[in-house]
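Q: using only what follows, build the 3D model:
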Amino acid sequence: MHALTASELLGIWEEGLNRSSVQRALILLTAAYPETAPIALEELAIGERDTRLMALRERTFGPQLVGVATCPECGARLESAFSLADIRTAFPSEPSCGRREGDTKHETSAFCMGDYEVVFRLPNSRDLKIVAGDDALTESRQRVLERCLLMIRRNGEDCPLDELSGEILEAVENRMALIDPRGDVRLSLSCPDCRHEWVAAFDIMAFFWAEIDAWAFRLLRETHTLASAYGWREADILAMGPRRRELYLKLING
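A: Next comes the predicted model:
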């Protein structure tokens, strides 16, 4: 994995400003894994994609994370601190679907339930890009399943998707979650005010991008201050380490 420089990360932020979350993830991974073809990155299972994003986030900002959540019971806002290591140890260490690390090849899974035989693959970023414009969550989930279901047979005969029962579709989603648990990370939270406990989804891309956004605005302010004080070029300021920029800013502020 390539460690991103300040200049590279700022360029990624600028490129991703008006993009979807899926597109931002692919922009980041393309820069961090230049040896991997973009199409192969698109085809990573979501859990493997997010695992790589977590590794890149750790390389960029460190292993510790601090998030803010709102209690669904009393509305209180609470701060939650955790580490990426906490998330990693909650799951098996093997890459999803039995792939070796670095192997982006598709793998399929199959199961039988009653009269049905189902073959499917895990959803990837390409699937999410295609359904990104859907208005309803239910419609998006349905279209993702349509793309991931490779074969459906009932009593040995091909079966159209619209004839599948909700029970079968739910079974497919449950098996996807078992095969690729990193694709749906959940955090257990507890409100200190009302003692309510709940489970919240953790979206590494949304979290990471919010940090990049805040970092970019902070860096641009620092660059403006240093350029105004010393007449330095942006490229020279970005090439400095954060510690040196901080020392120069302290000198400017006396």
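Q: give the rounded mean pLDDT of the lengthiest helix in the chain.
A: Longest helix of the chain, by residue count under DSSP state H: helix 204-230. What helix 204-230 shows for mean pLDDT is 96.
Q: same question for stretch 21-38.
A: Rounded mean pLDDT across stretch 21-38 is 96.
Q: can you tell me the SS state at the closest residue to residue 159 other than its chain neighbours?
A: Spatial nearest neighbour of residue 159, excluding adjacent residues (C-beta to C-beta, 6 or more residues apart in numbering): residue 152 at 4.5 Å. (Glycine included, C-beta is placed from N, CA and C.) Three-state call for residue 152 (DSSP: H, G, I helix; E, B strand; the rest coil): strand.
Q: okay, now residue 152: neighbour count?
A: Counted with other C-beta atoms under 10 Å, residues neighbouring residue 152 total 19.
Q: just residue 45 next, same as before
A: 25.
Q: how about the longest helix of the chain: buried residues?
A: 204-205, 207-209, 212, 215-216, 219, 222-223, 225-226 (16 or more other C-beta atoms under 10 Å).
Q: for stretch 173-182, same thing?
A: 173, 175-176, 179-180, 182.
Q: hang on, the earlier thing: isn't the residue nearest to residue 159 right next to residue 169, touching?
A: No - Residue 152 lies out of contact with residue 169 (C-beta atoms under 8 Å); the separation is 10.4 Å.
Q: tell me which of the buried residues of stretch 173-182 is nearest to residue 124?
A: For residue 124, the nearest member of the buried residues of stretch 173-182 is residue 180. The distance, counting by C-beta to C-beta, is 10.2 Å.
Q: and the strands in the chain, which stretches?
A: Using DSSP state E, the strands of the chain run over 64-70, 77-83, 108-113, 116-121, 149-154, 157-158, 186-190, 197-201.
Q: format those as CSV; extra columns: distance to residue 234.
A: Below are the strands of the chain laid out as CSV (distance: least, C-beta to C-beta, whole Å):
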stretch, distance to residue 234
strand 64-70, 29
strand 77-83, 33
strand 108-113, 49
strand 116-121, 45
strand 149-154, 49
strand 157-158, 60
strand 186-190, 38
strand 197-201, 38
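Q: right, so of those, which gets closest to residue 244?
A: The nearest among the strands of the chain, by C-beta to C-beta, is strand 64-70 at 23.1 Å.
Q: roughly how far does residue 217 sit from residue 6?
A: Distance, residue 217 to residue 6, using C-beta to C-beta, to the nearest Å: 13 Å.
Q: of all the buried residues of stretch 173-182, which comes closest to residue 40?
A: residue 180 (16.9 Å).
Q: how close does that closest one sit to residue 39?
A: 20 Å.
Q: for the helix or strand of the chain with the lowest mean pLDDT, buried residues please.
A: Comparing every helix and strand of the chain by mean pLDDT, DSSP states H and E singles out helix 137-148 as the least confident one, with a mean of 80. By neighbour count on 16+ other C-beta under 10 Å, the buried set for helix 137-148 is 140, 144-145, 147-148.
Q: mind putting those into TSV with distance to residue 233?
A: Below are the buried residues of helix 137-148 laid out as TSV (distance: C-beta to C-beta, whole Å):
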residue	distance to residue 233
140	45
144	46
145	52
147	47
148	49
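Q: farthest pair in the residues you listed?
A: Farthest pair in the buried residues of helix 137-148, by C-beta to C-beta: 140 and 148, 12.5 Å.
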